[in-house]
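A.B. asks: here is my input; please provide its structure:
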Amino acid sequence: MTRFRSNALLAGLLAGAVQLGALSFSVPASAAEIELLNVSYDPTRELWRDINDHFIPIHEKATGDTLTIKQSHGGSSTQARAVIDGLEADVVTLASFLDTEAISKSGLIKEGWVDRLPERSLPYYSTVVFVVRKGNPKGIKDWPDLVQPGVEIITPNPKTSGNGYLSFFSAWGSVVLRDGSHDDAVKYVTSLYQQVPVLDSGARGATTTFVQKGIGDVHLAWENEAHLEVEEAKGTLEIVYPPISIRAEPHVAVVDDNVDRKGTRAAAEAYLNYLYTDEGQAIIAKHFYRPSNPEVLKANASTFPDIRLFPITDIAESFPDAHKKFIGEGGVFDSIYKPKS
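C.D. replies: Next comes the predicted model:
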């Protein structure tokens, strides 16, 4: 069995009981009205609308069921907390392992979830890049340029936003992975956040601040969000790829307790499996996320510049360890950031 799944295999998953690795799929004998809730992070709205528009008719044709997929978006950590507190997600498609694992630790997702789908439940990966004003008037090309005098930086709050904490990790790694010390990194991120005029709660809020409100000289954005900003700005913004940034890994997972209680497991599993089909991977690439299928990624090489994308294990033992050290209560961020009065 290959890691990536054909549309024909997806049809088999939808049409009856199919065993695929550790997953077993079964479809009810009679047609039903099914509603799924996909709880995702802030800038994925356009991706999931497109995925839903393609998946729903495939599912309905194969099963005879009527399927509705609702979306919920916000800062990734805020979204994870909402699910833990009772938001009845069937699937979560959050910004990183940290947030999905928090839901798992609450008991809603079974242990071992990360190994239940191909590529460690990563249908795509991403990174953090820079968006600047037309002509790049501040001459921003690399992370050290951000802290030059007079540069205003827009980035969301790392306490509430996946974009926010991944930007922090990227900034930290840009120092320590290029021969800087721990103290050098502390000094750098202190300077960086002193030049942030406002910390929005999520990625889309930061986009609004930078694009619509015209605040800031540079936006530390998800790669996909950067492309969307540039497209919508019609020539007034540009993307700058720094030489180094983090490999962002937005995992996907079925919320076991919820789907078993609601009877939506088959549809939820088929939905996430669709992401690994050739069609699903092509849609992912179209929306400027880096597809996990290397063939699809290669076919879109011109869209995704080859920069150094470092894993979280280059700056910490794991995502939970990074969160504790850098973002959690009493971590580096708390020690260096003082909210503006």
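A.B. asks: my read is that Ser121 contacts Asp115, right?
C.D. replies: Yes - Ser121 is within contact range of Asp115, at 7.5 Å (criterion: Cβ atoms under 8 Å). All C-beta atoms are positioned from the backbone trio N, CA, C, and that covers glycine.
A.B. asks: more neighbours, those two?
C.D. replies: Using other Cβ atoms under 10 Å as the criterion, Ser121 and Asp115 rank with Ser121 on top: 22 against 11.
A.B. asks: number of residues surrounding the nearest residue to Asn52 once chain neighbours are set aside?
C.D. replies: Closest residue in space to Asn52, ignoring its immediate chain neighbours: Ile69 at 4.6 Å, by Cβ to Cβ, 6 or more residues apart in numbering. Residues contacting Ile69 under the criterion other Cβ under 10 Å number 22.
A.B. asks: same question, Ala31
C.D. replies: Ala31 has 11 neighbouring residues, counting by other Cβ under 10 Å.
A.B. asks: part of a strand, is it?
C.D. replies: No - counting by DSSP: H, G, I helix; E, B strand; the rest coil, Ala31 falls outside a strand, being coil.
A.B. asks: pLDDT weak spots in this protein?
C.D. replies: Counting by pLDDT under 70, the ranges of the chain that qualify are 1-30, 341.
A.B. asks: residue contacts, the residue nearest the centre of it?
C.D. replies: With distances taken as Cα atoms, centre = their mean, Ala95 lies nearest the centre of the chain, 3.3 Å away. Taking Cβ atoms under 8 Å, 6 or more residues apart in numbering, we find Ala95 in contact with Tyr41, Ser76, Ser161, Gly162, Asn163, Leu166, Ala248, Pro250.
A.B. asks: surely the third one touches His73?
C.D. replies: So that's Ser161. No - Ser161 lies out of contact with His73 (Cβ under 8 Å); the separation is 11.6 Å.
A.B. asks: between the two, who's got more neighbours?
C.D. replies: More crowded of Ser161 and His73, by other Cβ under 10 Å: Ser161, with 30 against 19.
A.B. asks: what about that one, distance to Lys61?
C.D. replies: Going from Ser161 to Lys61 by Cβ to Cβ, to the nearest Å gives 38 Å.
A.B. asks: isn't Val176 right next to Asp183, touching?
C.D. replies: No - between Val176 and Asp183 there is no contact under Cβ under 8 Å: 10.2 Å.
A.B. asks: looking at these two, which one has more neighbours?
C.D. replies: Between Val176 and Asp183, counting by other Cβ under 10 Å, Val176 is the more crowded of the two (16 against 9).
A.B. asks: and the closest residue to Gly216 other than its chain neighbours, its phi and psi?
C.D. replies: Residue nearest to Gly216 in three dimensions, not counting chain neighbours: Ile154, with 3.8 Å by Cβ to Cβ, 6+ apart. Note on Ile154: its backbone torsions stand at phi -110, psi 120 [degrees, to the nearest 10].
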